[in-house]
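Q: sequence plus the predicted model coming up.
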Amino acid sequence: MISLVIADDQPAVREGLRMRLSIEADMQIVGEAQNGVEALEVTTHLHPNIVLMDLEMPHMDGLAATRALQSLAPECCVILLTIHDDETTRKRAREVGAAGFVSKHADDSVLLDAIRALAGRLENKD
């Protein structure tokens with residue numbers, strides 16, 4: 001089972017992701033956060049496999065939270081979600097240690113494929 005935390009400042013986005021991902025037999029939403037600070041707290045407490053992290057959030061954005069998780073929860077991987085799908089943003093995501101990057105404009109199959117591919121890489125590490 002792939003355990004996930006959803007971190008996004010928009011309640012409708014969190015709810016939509018939760019509803020869509022909860023119907024997948026191999027995925028479980030274990031927590032949610034509305035900003036980067038909460039994402040760090042929830043992730044270090046619940047130890048999910050993957051955090052779906054919005055890039056732009058108040059108090060601490062997704063890039064800063066992703067960077068912090070590298071030391072706080074190195075076993076957890078981050079897929080950054082954003083409306084800004086450009087090479088500069090993708091480069092910044094890689095630089096802070098994001099394991100994946102998915103545009104919010106992409107079809108849901110792109111996100112599902114990214115989650116499963118990353119989970120497969122995590123299983124192979126063990």
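A: On my side now, so go ahead.

Q: pretty sure Gly31 is in a helix, no?
A: No - Gly31: not assigned to a helix; according to DSSP: H, G, I helix; E, B strand; the rest coil it is strand.

Q: contacting residues around it?
A: 5-6, 42-43, 45-46, 48 (CB atoms under 8 Å, 6 or more residues apart in numbering). (Each C-beta comes from the backbone N, C-alpha and C, glycine too.)

Q: so what sits opposite it in the bridge?
A: Under DSSP bridges, the beta-bridge partners of Gly31 are Val5.

Q: and the pLDDT at it?
A: In the prediction, the pLDDT value recorded for Gly31 is 98.

Q: where along this structure do the helices fall?
A: 11-22, 36-46, 62-72, 87-95, 108-125 (DSSP state H).

Q: which one of the ones you listed lies closest to Met1?
A: Taking CB to CB, helix 108-125 is the member of those nearest to Met1, at 9.3 Å.

Q: returning to that earlier point: just the buried ones among the contacts of Gly31, please.
A: For those, a neighbour count by 16 or more other CB atoms under 10 Å gives the buried set as 5-6, 42-43, 48.

Q: roughly how far apart are the closest residue to Pro58 other than its chain neighbours and Ala7?
A: Among residues not flanking Pro58 along the chain, Asn35 sits closest, at 5.2 Å (CB to CB, 6 or more residues apart in numbering). Relative to Ala7, Asn35 is positioned 8 Å away (CB to CB, to the nearest Å).

Q: which one of those two has more residues nearby?
A: Applying other CB atoms under 10 Å to Asn35 and Ala7 shows that Ala7 carries more neighbours, namely 29 against 19.

Q: that one against Gly62, yeah?
A: Yes - with contacts counted by CB atoms under 8 Å, Ala7 reaches Gly62, the gap being 7.1 Å.
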